[in-house]
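In: Pasting the sequence and the predicted coordinates here, then a few questions.
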Amino acid sequence: MPTPPNRRNLKIEQTETGVIVHVVGCGALNEQTTPDVEQQLIGLAAELGGVHLVVDLGAVHYMSSIGLGMLIGLRQKLRTAGGQLSTRGVREDIYDMFDATRLTRLLDVHRDRESD
């Protein structure tokens, strides 16, 4: 499958095991930025279908609850299509938020950037 084109906040990379999406140009996933990033990710997921999508959050320094909700919704859309979602490059403080809300049990969350 050819690599889909990059989007404004997404740098896309095809690998043997799936697709890595680097969130770029958006250091915070909050009420102002998340809807646009979500629209880009949902569009990409619809285009790709049932793939393993790895969202690299290494450039994200802050995430509000709306960002968490976006990832939960994206996971559901991918699973419905037969795919799966992982995250990587998650900063320690953001990981702690995933863990405190027990979303580490629902989402495949990795602090390092080598987990794909």
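Out: Yes, it's here. Residues are numbered from 1 along each chain as shown.

In: Just the C-alpha atoms of the helix or strand harbouring T87, please, in CSV.
Out: For T87, the host element (DSSP states H and E) is strand 84-88. Once non-C-alpha atoms are left out, strand 84-88 reads as follows in CSV (Å, rounded to 0.1, in the frame of the first residue of the first chain):
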residue,chain,number,x,y,z
GLN,A,84,-5.7,-1.4,16.0
LEU,A,85,-4.3,1.8,17.7
SER,A,86,-1.0,2.3,19.6
THR,A,87,0.6,5.4,20.9
ARG,A,88,4.3,6.0,21.4
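
In: The residue positioned nearest the centre of the chain: what's it in contact with?
Out: Closest residue to the average C-alpha location of the chain: V55 at 3.2 Å, with C-alpha atoms, centre = their mean. By C-beta atoms under 8 Å, 6 or more residues apart in numbering, the residues touching V55 are V21, V23, L41, L71, L74, L85, S86, T87, R88. The C-beta positions use only the backbone N, C-alpha and C, and glycine is treated the same way.

In: Could you look up the SS state of V54?
Out: At V54 the chain is in strand, as set by DSSP: H, G, I helix; E, B strand; the rest coil.

In: so it makes contact with Q14?
Out: No - counting by C-beta atoms under 8 Å, V54 stays clear of Q14, with 11.1 Å between them.

In: R88 contacts Y95, correct?
Out: No - with contact defined as C-beta under 8 Å, R88 does not count as touching Y95 (10.8 Å).

In: All the strands of the protein, residue numbers only.
Out: 10-14, 19-23, 28-29, 52-56, 62-63, 84-88, 108-109 (DSSP state E).
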